[in-house]
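# Give me the fold of what follows.
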Amino acid sequence: MAKHGKKYRAAAEKVERDTFYAPSDAMDLTMETSTANFDATVEVHIRTGLDPRKADQQVRDTVNLPHGLGKKISVLVFAEGEGATIAREAGADYVADDDEMMKKIQDGWTDFDVAIATPQMMGKAGRLGRVLGPRGLMPNPKAGTVVQAQDLPKAIEESKAGKVEYRLDKTANMHVPIGKVSFGSEKLMGNFTALMRAVVKARPAVAKVYIERITFASSMGPGIKVDVYQAQNL
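Numbering: from 1, shown residues only. As a prediction, the model looks like this:
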């Protein structure tokens, strides 16, 4: 097990491990304990009481973060014909409309942040599931990434502006980036509030226990536990 460096240990000492902090206090502490020598990403980790194996306990959707993510989002679009033209004109970074691009992805290339597809192209995109699925890049109607050709400009614009997906993984957790340390507490809290309202709204009807634990962490920084009740009522 890797030993943490001096900076990390000093930062971790500022965190009371058994304390569940009010969301704004937790955010301040997350920024204070960011030890990276670059503009670290702040992530929210949500532990749920759901059973991800059950179809009626799935959570998967997107939310528009009011302050974006602080990075350039590259978008790939699976489209052909008129859809491919629309995608290029709307600012897609890559358009998968030929066998060459399909083979490139099949061989493991995933140098993009979001993949969007028209319904007609989902058959071809689906065959790339082995590559796209594990990286969370498979287009999905629930995530708003399978759209008709005429809706591509809006989907591309929203993805580039800071629309993020939140989804339950196999271990019943969600891991969602909400911005950079340089945003400051106020903007990060604005993004966190938008995320929490969306996640609370997405609660499956059958859930007895939904959100069990919430943790903030910056890249390479220690985890900060958040008061779940306060977070759910922002």
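
# Spell out the secondary structure type for Gly190.
helix (DSSP: H, G, I helix; E, B strand; the rest coil).

# er, Phe216 actually
Per three-state DSSP, the secondary structure class of Phe216 is strand.

# That one touches Ile46, doesn't it?
No: taking contacts as C-beta atoms under 8 Å, Phe216 lies outside contact range of Ile46: 10.6 Å. Glycine gets a C-beta too; all of them are placed from N, C-alpha and C.

# can you pull out the strands in the protein?
41-48, 60-64, 75-78, 94-96, 114-117, 163-167, 173-180, 211-218, 224-226 (DSSP state E).

# Alpha carbons of the helix or strand of the chain with the lowest mean pLDDT, in PDB - could you do that?
Using mean pLDDT, DSSP states H and E, the weakest-scoring helix or strand in the chain turns out to be helix 6-12, at a mean of 77. Below are the C-alpha coordinates for helix 6-12, written out as PDB (Å, rounded to 0.1, in the frame of the first residue of the first chain):
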ATOM      1  CA  LYS A   6       4.200  14.900   3.800                       C
ATOM      2  CA  LYS A   7       1.800  17.400   2.200                       C
ATOM      3  CA  TYR A   8      -1.000  14.900   2.100                       C
ATOM      4  CA  ARG A   9      -0.500  13.900   5.700                       C
ATOM      5  CA  ALA A  10      -0.400  17.600   6.800                       C
ATOM      6  CA  ALA A  11      -3.700  18.200   4.900                       C
ATOM      7  CA  ALA A  12      -5.300  15.100   6.300                       C
END
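
# before we move on, back to that, Met189: which of the strands of the chain is closest?
Across those, Met189 has its closest neighbour in strand 173-180 (9.2 Å, C-beta to C-beta).

# Neighbouring strands - and their directions - for that closest one?
Partners of strand 173-180 in the sheet, by DSSP bridges, are strand 41-48 (antiparallel).

# Before I go, just wanted to say thanks for your time.
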